[in-house]
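I'd like to go over a predicted model; first the sequence, then the structure.
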Amino acid sequence: MDRVVAVTGGGTGIGAAVARRYATEGAQVVVLGRRREPLEKVAAETGAHIIACDASVRADAENAIAEIVDQFGRLDVAVANAGGHGLSSVVDTGDDEWELALRSNLSSAFVFCRAALPRLIETGGQVVVVSSLAGLFAGPNVAGYTVAKHALIGLTRSIARDFGPKGVRANAVCPGWVRTPMADAEMDQFAAAAGFTGGHDEAYRRVTAEVPLRRAAEPDEIASVVRFLGSSESSYITGAVLVADGGAHAVDLPTLAFERAGM
């Protein structure tokens with residue numbers, strides 16, 4: 001695969017898995033992130049080129065794209081994966097936390113895609129935005145995260161609408177629970193609040209107890225979805241939202257009581 005793929009938030013979790021997936025197919029992979037150490041670990045494993053930067057900062061994003069083109073001559077796939085923060089209710093979300101939630105989840109994708117699009121037009125490339133099941137539904141006390149992940153779907157559709165005529169496709173992925181360092185931290189909080197000591201495995205089992213597949217995803221499973229959308233195999237798909245949540249979105253919550261009653 002003679003393609004150049006850039007992945008924000010590429011040092012851990014889904015981003016690192018995406019880098020591994022593309023690298024195994026021979027792509028030139030660039031991983032971007034604010035912390036250099038995890039990027040270096042991914043680079044040692046995959047041979048990826050690393051750029052330590054903040055994708056939500058215009059100068060950082062534009063310099064990163066310029067470096068990619070200088071190094072490899074082109075850009076074919078931009079994966080906007082960076083995210084996190086925003087884990088409070090509306091009333092409990094302060095101004096700084098709100099700004100951080102929008103910057104880390106939404107602005108990082110917007111600013112990165114804005115910088116990448118001129119180069120993607122040249123190659124007829126793809127944008128893949130990693131949103132979340134929280135981009136479709138609201139969990140408890142995650143207002144900033146939920147709002148930003150919803151907005152990522154609007155960003156994806158705007159790019160698809162405006163740049164499809166120029167040959168660029170844009171699609172979003174909405175994962176459910178995925179076993180990543182960020183989710184592990186949430187499992188620790190859940191275990192503490194629920195008062196059990198079964199570790200991550202028990203926590204994941206409990207939060208996916210009503211999910212049809214009864215488990216969380218592994219990062220590599222989401223990377224496969226990203227790779228599909230960022231390839232010629234999805235050549236007539238744009239503006240789409242692909243949900244990868246083990247079937248959670250298909251569950252009719254008001255009927256769970258009937259299931260528990262054996263009906």
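Alright, I've got the coordinates.

which stretches of the stretch 51-200 of the chain form strands?
77-80, 126-130, 169-175 (DSSP state E, counting those that start in this stretch).

mean confidence for the shortest one?
Averaged across strand 77-80, pLDDT comes to 98.

Equivalent analysis for stretch 196-215, please.
90.

now it, how far from the centre of its chain.
22 Å (C-alpha atoms, centre = their mean, to the nearest Å).

neighbouring contacts of that stretch?
Outside stretch 196-215, the residues that touch it by C-beta atoms under 8 Å, 6 or more residues apart in numbering are 176-177, 179, 184, 187-188, 190-191, 194, 216, 245-248, 250-251, 256. Any C-beta I mention is one placed from the backbone N, CA and C, and that applies to glycine too.

hmm, try it at 10 Å
With contact meaning C-beta atoms under 10 Å, 6 or more residues apart in numbering, stretch 196-215 is reached by 176-179, 183-192, 194, 216-217, 245-251, 253, 256, 259-260.

So which bits of it are buried?
Buried residues in stretch 196-215, counting neighbours by 16 or more other C-beta atoms under 10 Å, are found at 200, 203-204, 207-208, 211.

Between which two of the residues you listed is the distance greatest?
Maximum pairwise distance among those (C-beta to C-beta): 16.2 Å, between 200 and 211.

Mean neighbour count, the strands of the stretch 51-200 of the chain: which tops it?
Mean neighbour count (mean count of other C-beta atoms under 10 Å) peaks for strand 77-80 among the strands of the stretch 51-200 of the chain, with a mean of 30.

in this protein, which ranges drop under the pLDDT threshold?
1, 263 (pLDDT under 70).
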